[in-house]
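**Student:** Mind looking at a prediction? Sequence and model below.
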Amino acid sequence: MARKIENVVVLGANGAMGSGSGAVFAAAGIRTVFLARTRDKAEAGRARAEQMVKSTAISRFIEVGSYDQMEQAVAGADLVFEAVAEDLAVKREVFARVDAARKPDAIVATVSSGLSIAAMCGGQSESFQKHFLGIHFFNPPNVIVGCELIAHAGTDAAVLAFVRELLAGPLGREVVETTDTPAFAGNRVGFKVLNEVAQLAEEHGVAFMDALIGPHTGRAMSPLATVDFVGWDVHQAIVDNLYANTSDEAHAAFALPAYMQKLITAGHLGNKTKTKGGFFRTDGKGKETVKLALDARTGDYRPLAELSRPLPVFVDQMKAAIRVGRYRVAMDAMCDAAGAEADLLRQVVLGYVSYGLARVGSVVARPRDVDRIMGFGFNWAPPSVLADAIGARRLIGLLDRAALLVPRVVIEAAEKNLQLFDEPEVDRGRYFVAA
């Protein structure tokens, strides 16, 4: 396709994803127009973009404006990138305006974290639908290079191929194509884990669960701290969408805990509401700063030190093995450990491996796809890395005992004595931290 992307318009450029995505385009030297409800909000988005990349140089490629200039800006755009509120009705209203003003060959993309691509463009012109797709960046886009590319049934194959090359080339993304299913691949697998840990925290404690499923299990950030970083409102939007629109073996894991709903209603949204917090918050300043953790049963916050309790010995064994690069030994410690706490850890970690690899064939085409989005998008150890460290035959037995689904690809790996992880240039050790 003989086309170039020389002019991009970002709608919703004041938000975290809008400004971050705009920073990616501008950093690649592409003229980018930041639009928001007001010019001041768009200016704030540009300032946030500069802060993200730690440079004012990208502003040479950024212009700002309000939605009053939407039609004029869209008329000259090669790519319109939508990052408005994660609400189907709001997005469809915006797309109607875009459709009326866009050039016939202009590409329109949404950064939605999981709404239906087909539903978003339904009712628009045939040309709009052919040029419409999902480009799901992960936050912050200037740091996390994992990216999902989602076509719907009406997306033109040449448009899809062009955007794939744009993302993987000038924009430096690690691209994974997924089907148009709720929350796509990364958020569907990742938020299953995050919400499951949030559910377990009501009984077992926020501080304990976040420490038990910590970086030693193959993640850059512990799960409940991740929810605070993402934002409880964003978390709710994703899991509510999954609970309403999926009916697979993990359906119950997507039910938002009642204590979270109560706190969200009271304005607790995680890190973005610093005085109220989420699972954690800090009080005081300087040497007087105290980290507090939520008591999920009461809704109160208490010093983290009061709510923490010693971790089981096998966690120390895992960390000791990770420190010297013995990741199989770390998995041995997890798999061999006895007791209720070991069962809890295995429920979450093995559940992640099972659920991720079981999406192969429906959400993604290959194990490599789910591995890449979890590794490059979430900075979590890909399911195949954990499966290989445990061993396929042993994993089948553990999944059976835990009453978890055994994915077809794991059975094939056991039968053929294969390794599942297919990224020879990726150091598996990057995903394990012995913090």
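**Tutor:** All right, it came through fine.
**Student:** Roughly how far does the residue most central in space within the chain sit from Thr181?
**Tutor:** Nearest to the centroid of the C-alpha atoms of the chain, with distances taken as Cα atoms, centre = their mean, sits Asn187, at 4.7 Å. Counting by Cβ to Cβ, to the nearest Å, the gap from Asn187 to Thr181 is 11 Å. To be clear about C-beta, it is placed using only N, CA and C from the backbone, and glycine gets the same treatment.
**Student:** which SS state does the residue nearest to the centre of the chain fall under?
**Tutor:** Classification of Asn187 using DSSP: H, G, I helix; E, B strand; the rest coil returns helix.
**Student:** Leu133 too?
**Tutor:** Taken by three-state DSSP, the conformation at Leu133 corresponds to strand.
**Student:** looking at the sheet around it, what are its partners?
**Tutor:** The residues listed as beta-bridge partners of Leu133 by DSSP bridges are Ala109.
**Student:** Now do it against Ile150, distance only.
**Tutor:** On the measure of Cβ to Cβ, Leu133 and Ile150 end up 6 Å apart.
**Student:** What of Ala258?
**Tutor:** For Ala258 relative to Ile150 (Cβ to Cβ), the value is 32 Å.
**Student:** just Lys287 next, same as before
**Tutor:** Distance from Lys287 to Ile150, by Cβ to Cβ: 48 Å.
**Student:** Before we move on, what's the pLDDT of Pro424?
**Tutor:** We have a pLDDT of 85 for Pro424.
**Student:** Give me the neighbour count for it.
**Tutor:** 5 (other Cβ atoms under 10 Å).
**Student:** Pretty sure it sits in a strand.
**Tutor:** No - assigned with three-state DSSP, Pro424 falls outside any strand and is coil.
**Student:** any idea how far it lies from Glu86?
**Tutor:** Relative to Glu86, and taking Cβ to Cβ, Pro424 is found at 37 Å.
**Student:** quick one: Ala253 from Gln199, how far?
**Tutor:** Per Cβ to Cβ, Ala253 is found 7 Å from Gln199.
**Student:** Also Ala158?
**Tutor:** For Ala158 relative to Gln199 (Cβ to Cβ), the value is 44 Å.
**Student:** Comparing these two, which residue is more hemmed in?
**Tutor:** Gln199 (21 against 11).
**Student:** Overlap of the contact sets of Leu133 and Ile150?
**Tutor:** Overlap of the contact sets of Leu133 and Ile150 (by Cβ atoms under 8 Å, 6 or more residues apart in numbering) consists of Ile117.
**Student:** What segments of the stretch 51-200 of the chain are helices?
**Tutor:** Along the stretch 51-200 of the chain, counting by DSSP state H, counting those that start in this stretch, helices occupy 70-75, 88-101, 117-121, 126-130, 157-168, 186-204.
**Student:** Please name every helix or strand in contact with whatever helix or strand comes next after the last one.
**Tutor:** When you say that, I think you mean helix 186-204. Note on helix 186-204: by DSSP states H and E, the next helix or strand toward the C-terminus is helix 206-212. Identification of packing neighbours for helix 206-212 by 3 or more Cβ pairs under 8 Å, 6 or more residues apart in numbering; DSSP states H and E yields helix 186-204, helix 223-230, strand 290-295, helix 304-307, helix 340-358.
**Student:** The residue nearest to Gly65 when sequence neighbours are not counted pairs with what?
**Tutor:** Nearest non-adjacent residue to Gly65, counting by Cβ to Cβ, 6 or more residues apart in numbering: Leu35, 5.4 Å away. Beta-bridge partners recorded for Leu35 (DSSP bridges): Leu11, Gly65.
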